[in-house]
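I would like the atomic coordinates for the input below:
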Amino acid sequence: MPSAFDVLARDHEEVKQMLSELEFGPTAATGANSDQLALRKKMVQQLVIEASKHEAVEEMYFWPAVRDALTDGTDLANQAQDQEQEGKVVLDRLDKMAPEDEEFEGLLAQFVQAGRAHIAFEETTVWPSLMSVLTAEQAEELGGKLTEGKKTAPTRPHPKTPASPGVLKTAGPAVAVADRLRDKASGRDE
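Here you go, the predicted model:
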């Protein structure tokens, strides 16, 4: 079973790759054609799906583990969750826009920068501290929870939903079902 750090690192690499592709891809302003813009929208939708699932399972399992295991865990988790909340707001707006919209590229650039900063914060500030206190078994157990949680995690950002593990574990599966039904009906499924 992969450790929590392996699971999260895979997610981070996938998101970083998406961010790079979106950052350097053709835009409406650079003369992208309708097929290129449709692909851009699809890529943003995939980013929204993956980031939403990732953040939801972090809120349910990872940040509670950080709070419990580290003396400064509450501060670290609060800082990270503030970053994630800002990201959810931006992703929610991006998800509702077309690439031709005037604000689209500015919001996307904002998310790219914030997303990279957030990933760096987790990987360089939080992970080393948590790795030093978790046993291999604890890291694997947490990795299992993250992996399983992603299967039923919401696929859309819900910036108005409290980032409480209890709320997410209770309401998250129902919200995820609703998200997946909306995804299927709109053609935005994974």
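
Please count neighbours and contacts with C-alpha atoms only from this point.
Will do.

show me the contacts for the residue most central in space within the chain.
When the chain is reduced to its mean C-alpha position, the closest residue under Cα atoms, centre = their mean turns out to be Ala51, at 2.2 Å. Each residue near Ala51 by Cα atoms under 8 Å, 6 or more residues apart in numbering is listed here: Val15.

Neighbours of Gly106, how many?
Burial measure for Gly106: 12 neighbouring residues, criterion other Cα atoms under 10 Å.

tell me the SS of it?
At Gly106, secondary structure determined by DSSP: H, G, I helix; E, B strand; the rest coil is helix.

Just give me how far the helix or strand that contains Val15 sits from the chain centre.
With elements delineated by DSSP states H and E, Val15 resides in helix 4-24, which encompasses its position. Taking the mean C-alpha point of helix 4-24 and that of its whole chain, the gap between them comes to 10 Å (Cα atoms, centre = their mean, to the nearest Å).

what's the angle from the next helix or strand after it to helix 4-24?
Scanning forward in sequence from helix 4-24 by DSSP H and E, the next helix or strand is helix 34-57. With axes from the mean of the first three to the mean of the last three Cα atoms, to 10 degrees applied, the angle from helix 34-57 to helix 4-24 works out at 150 degrees.
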